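Visitor: Model the structure of this input:
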Amino acid sequence: MNKIDKLIALSLGLIGSVVYLLTLEPSVSFWDCGEFIATSYALQVGHPPGAPTYNLLAHCLMLLAGDNSSLLALFSNALSALAAGTTVGLLYSIILMLAQPQESKTQLTTRWAALVGSLCYLFCDTAWFSATESEVYSLATCFAAAMVWASLRWYSTPDSPRRHRWILLLALLSGLSVGVHQLALLAIPSVALVLLFSFLREKKLGKLPTKKTLATLILLSLLFFSLGLSTYAIVPIRAAAKPEICYGDPSTAEGFARYLQRDQYEKAPLWPRRWRHHANDAELYAQWSDKAGDLQLLTTYQFGYMYLRYLLWNFSGRFNDRQGFGGMQNGQFITGLPLVDDLIVGSSALPPSDAAGKSHNRYFALPLLLGILGAVHQCRRHRRAFFVTLTLFLMGGIVLGFYMNHPVYEPRERDYAYILSFLAFAIWIAFGALWILVKALKRADTQALKHSSIQASKHSSIQAIKHSTFLLLLAVPALMAFQNWDDHDRSHRYTAFDVASNMLNSCDQDAILITYGDNDTFPLWYAQQVEGIRPDITIANVNLKGGRYWLRQTLLDNDFRRPVFFSKYMHDYNGDGFNGHLQLTGLCYRLTDLPCDTLDTETFVHNAQHHIRWHNPSGVHLDHISRQFIETYWRSVAMVAERLSLEGDNKKAATLLTTTEAQLPLACVSDRYLLRDIAHAYHAAGQSARHDAVIKLLKEKIADDTRYYLSVRPRLRQHVATLYTLPYDFWND
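Guide: Next up is the predicted model:
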């Protein structure tokens with residue numbers, strides 16, 4: 001690579017980093033992010049098999065926050081942004097080395113094509129989502145890209161006396177990547193192909209290294225790989241210190257082995273495909289497979305729905321960011337082409353904002369078509385590069401999907417697992433752009449020779465065709481950026497932090513808060529351990545502690561010496577076992593020893609006025625999880641307000657409703673029944689004006705629903721989201 005290409009790669013890395021930093025979530029996110037921030041901050045032992053390299057790097061960045069604990073999450077999130085930006089720069093270099101341009105004209109077109117491919121990856125859905133939160137996938141992808149890049153640097157410098165340094169770097173990167181996520185190791189088969197092609201080339205030229213050189217290189221590679229792997233030493237060291245977060249007991253040799261093997265998790269076999277036997281699993285599997293059984297499940301659900309759908313999300317278009325469970329619209333891909341979308345989701349009309357909103361992204365399948373064209377072109381003209389790219393594409397996609405053996409259904413979308421496959425597809429996008437550029441320039445040159453004797457205006461038009469071809473190709477990633485920016489911009493989203501702090505502040509002093517899932521546990525770990533919010537509370541996740549048996553034993557041992565609270569997830573999971581003994585106090589439920597009312601209106605109002613605070617989400621794209629938590633709180637507010645009105649305290653009910661709406665505007669609420677309940681609560685509190693305003697908003701939403709519902713093909717209406725269809729007694733029940 002010459003200096004110009006290095007400068008372009010560096011610039012792309014900086015541009016990618018800036019884009020991701022500008023759209024970064026400023027605090028904790030849902031799912032595993034809270035755990036990663038907390039374990040990185042105090043170097044604790046996260047869930048198996050651990051991510052010590054990630055933890056160490058995140059910890060170093062978090063040191064830049066100084067004494068400002070509210071910035072710690074931001075700096076932790078920035079690791080993903082910087083890693084993802086670096087990946088974009090590495091991708092540009094990888095594309096150039098795979099294309100191997102020689103002539104100056106070829107270099108120009110290849111650079112432009114590599115720019116198009118790199119930018120398409122920068123702005124693709126999955127890469128952008130992972131780059132704005134504290135998760136391992138951006139950093140793992142960066143390591144994988146760096147491994148491929150190092151192997152290609154070694155391949156492209158056959159005559160350099162120092163070329164083997166790239167092999168040593170490759171070995172070090174491989175070892176370090178294990179301490180981030182095993183995802184990066186999926187790049188090894190592609191790297192092995194590069195090494196094989198180099199061996200074949202050197203054998204043909206009679207330049208094979210001596211046995212002594214080869215043995216030395218292998219030994220040094222093992223040493224560098226071990227150095228990279230050494231970050232795992234912090235796991236048993238920190239486990240021996242008994243940190244607050246410590247999965248298992250990896251401080252012993254046996255415990256460390258079990259930790260690395262992930263013994264606590266349910267493991268999917270390679271076959272059969274219908275392996276899980278939870279409640280309703282047989283029925284769910286039957287939705288995707290009949291007589292063909294496992295093979296049909298593999299092709300229709302695991303390869304089709306759980307991989308191809310994600311690929312099309314990224315390079316064709318996406319209907320919305322609600323999790324898909326096999327339905328026609330939620331989680332579905334689109335193209336933006338009316339005739340196609342009418343078949344895929346029932347209508348090409350713009351759906352209501354509550355159903356899709358900012359996450360309704362249409363790329364008109366342009367990146368997809370470029371990628372398919374590029375795969376064909378690379379296969380025909382760059383055969384060895386094609387096999388390297390194809391191997392990366394398959395290992396990060398189909399092969400990984402076969403290994404993961406997805407059950408029906410996953411608790412969340414798993415597109416992030418296939419990010420390496422999308423990186424490989426971006427390489428094909430570049431080769432598709434290269435094919436178009438070469439063809440366009442060749443045709444323009446032919447026309448120029450044919451009309452060399454005619455007027456200058458003809459030559460100007462030929463030059464205009466050349467320039468417009470370059471710009472039209474650049475319009476593809478520009479379209480992706482335009483479509484994706486608003487729903488990937490998390491720069492003002494604080495929902496996970498608000499939920500965590502409000503849950504803690506809904507509990508009494510020195511309480512035990514029992515949680516059930518990831519989203520009602522990991523953000524709490526962050527809020528408590530990193531920002532120091534309510535350290536008096538003991539958080540206990542029933543799944544991690546031992547299930548219902550542990551819960552019963554804990555409650556017996558505690559005997560109400562300390563207040564006990566349930567999260568909403570825990571209430572839904574095991575609340576039936578405590579009927580009449582759970583009392584809503586805010587975002588949590590207090591467990592009482594004597595039968596009680598389900599609503600503690602006095603405590604709820606006190607918490608709502610003094611302890612529960614929300615960042616205003618107006619103009620912020622709320623993902624489905626964020627909206628669920630907000631709507632759950634609004635539902636509680638409406639119930640408490642109606643109870644207060646029944647008790648004759650309209651003033652307090654009105655204050656509760658208006659205070660909540662000031663923090664959480666009704667634009668955050670998509671549930672039509674909830675909006676009706678809020679309107680009823682305002683009416684009961686004597687707030688006629690607000691009641692009428694909410695009813696007006698509700699009617700506007702239903703009118704929009706009806707418009708869209710009528711745009712769906714009649715035979716498909718039964719399959720679209722129930723959001724658009726309300727029962728006849730909606731206004732009366």
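
Visitor: count of residues packed around the closest residue to Pro48 other than its chain neighbours?
Guide: Once flanking residues are discounted, Pro48 sits nearest to Arg262: 4.4 Å by CB to CB, 6 or more residues apart in numbering. Where C-beta positions appear, they are placed from N, C-alpha and C, glycine not excepted. For Arg262, the neighbour count with other CB atoms under 10 Å is 15.

Visitor: for Leu471, same thing?
Guide: Look at Leu471: counted by other CB under 10 Å, it has 11 neighbours.

Visitor: Kindly report the same for Phe482.
Guide: 13.

Visitor: just Gly547 next, same as before
Guide: Neighbour count of Gly547, defined by other CB under 10 Å: 11.

Visitor: quick one: secondary structure of the residue nearest to Pro48?
Guide: Per DSSP: H, G, I helix; E, B strand; the rest coil, the secondary structure class of Arg262 is coil.

Visitor: Distance-wise, check His621 relative to Ala65.
Guide: 26 Å (CB to CB, to the nearest Å).

Visitor: no no, Leu122
Guide: From Leu122 to Ala65 the distance is 27 Å (CB to CB).

Visitor: So between these two, which is more surrounded?
Guide: Leu122 (28 against 17).

Visitor: So for stretch 116-131, first residue to last residue, what's the gap.
Guide: 19 Å (CA to CA, to the nearest Å).

Visitor: Centre of the chain to it, how far?
Guide: Offset of stretch 116-131 from its chain centre (CA atoms, centre = their mean, to the nearest Å): 12 Å.

Visitor: Report the mean per-residue pLDDT for that stretch.
Guide: For stretch 116-131, mean pLDDT rounds to 98.

Visitor: Contacts for stretch 224-238 next, please.
Guide: Residues from elsewhere that reach stretch 224-238 (CB atoms under 8 Å, 6 or more residues apart in numbering): 43-45, 50, 52-53, 55-56, 168-169, 171-179, 246, 250-252, 256, 259.

Visitor: Among those residues, name the ones in helices.
Guide: Among these, the residues falling in helices (DSSP state H) are 52-53, 55-56, 168-169, 171-178, 256, 259.

Visitor: Please list only the buried members of those residues.
Guide: For the ones in helices among the contacts of stretch 224-238, a burial check counting by 16 or more other CB atoms under 10 Å picks out 52-53, 55, 168-169, 171-178, 256, 259.

Visitor: how many other residues sit next to Arg12?
Guide: If you look again at residue 12, you'll see it is Leu, not Arg. 25.

Visitor: any idea of the pLDDT on it?
Guide: In this model, Leu12 is scored at 98, pLDDT.

Visitor: do the same with Leu723
Guide: What the model reports for Leu723 is a pLDDT of 59.

Visitor: ok, now the one 3 residues further on?
Guide: Residue-level confidence at Leu726 comes out at 64, pLDDT.

Visitor: Over to Gln528?
Guide: We have a pLDDT of 98 for Gln528.

Visitor: Assign it to helix, strand or coil.
Guide: Gln528 falls in the helix class when you classify it by three-state DSSP.

Visitor: ok so, going back, ok, so of the ones in helices among the contacts of stretch 224-238, who is nearest Arg534?
Guide: Closest approach between those and Arg534, by CB to CB: Asn55, at 24.4 Å.

Visitor: which secondary structure elements does the one helix or strand Asn574 maps to contact?
Guide: Per DSSP states H and E: Asn574 is located in helix 568-574. Here helix 568-574 touches strand 512-515, helix 542-545, strand 588-591, going by 3 or more CB pairs under 8 Å, 6 or more residues apart in numbering; DSSP states H and E.

Visitor: Which one of those lies nearest to Thr335?
Guide: Smallest distance to Thr335 across the helices and strands packed on helix 568-574 (CB to CB): 39.9 Å, for helix 542-545.

Visitor: residues contacting Ser17?
Guide: Ser17 touches 81-82, 84-86, counting by CB under 8 Å, 6+ apart.

Visitor: who wins for neighbours among those residues?
Guide: The most crowded member of these is Ala84, carrying 29 neighbours; neighbours defined as other CB under 10 Å.

Visitor: so which helix or strand takes in that residue?
Guide: Short version, using DSSP H and E: Ala84 is in helix 72-99.

Visitor: How about Ser29?
Guide: Short version, using DSSP H and E: Ser29 is in no helix or strand.

Visitor: Can you give me the pLDDT of it?
Guide: The score at Ser29 is 98. That number is its pLDDT.

Visitor: distance of it from Ala279?
Guide: Taking CB to CB, one finds Ser29 at 30 Å from Ala279.

Visitor: Could I get the contacting residues of Asp249?
Guide: For Asp249, the contacting residues are 239, 255, by CB under 8 Å, 6+ apart.

Visitor: Contact partners for the closest residue to Leu657 other than its chain neighbours?
Guide: The shortest distance from Leu657 to any non-neighbouring residue, by CB to CB, 6+ apart, is to Ala641 (5.2 Å). Ala641 sits next to 653-654, 656-657, 681, 684-685 when contact means CB under 8 Å, 6+ apart.

Visitor: where does this structure dip in pLDDT?
Guide: Within the chain, the segments meeting pLDDT under 70 span 101-105, 451-459, 462, 721-733.

Visitor: Could you list the domains of it?
Guide: Using automatic domain parsing, the domains assigned to the chain come out as 3-255+366-488, 495-582.

Visitor: could you redo the ones you listed as JSON lines and give each row distance to Phe333?
Guide: Shown next, in JSON lines, are the domains of the chain (distance: least, CB to CB, whole Å):
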{"stretch": "domain 3-255+366-488", "distance to Phe333": "10"}
{"stretch": "domain 495-582", "distance to Phe333": "25"}
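
Visitor: Since that was my last question, I'll sign off now.
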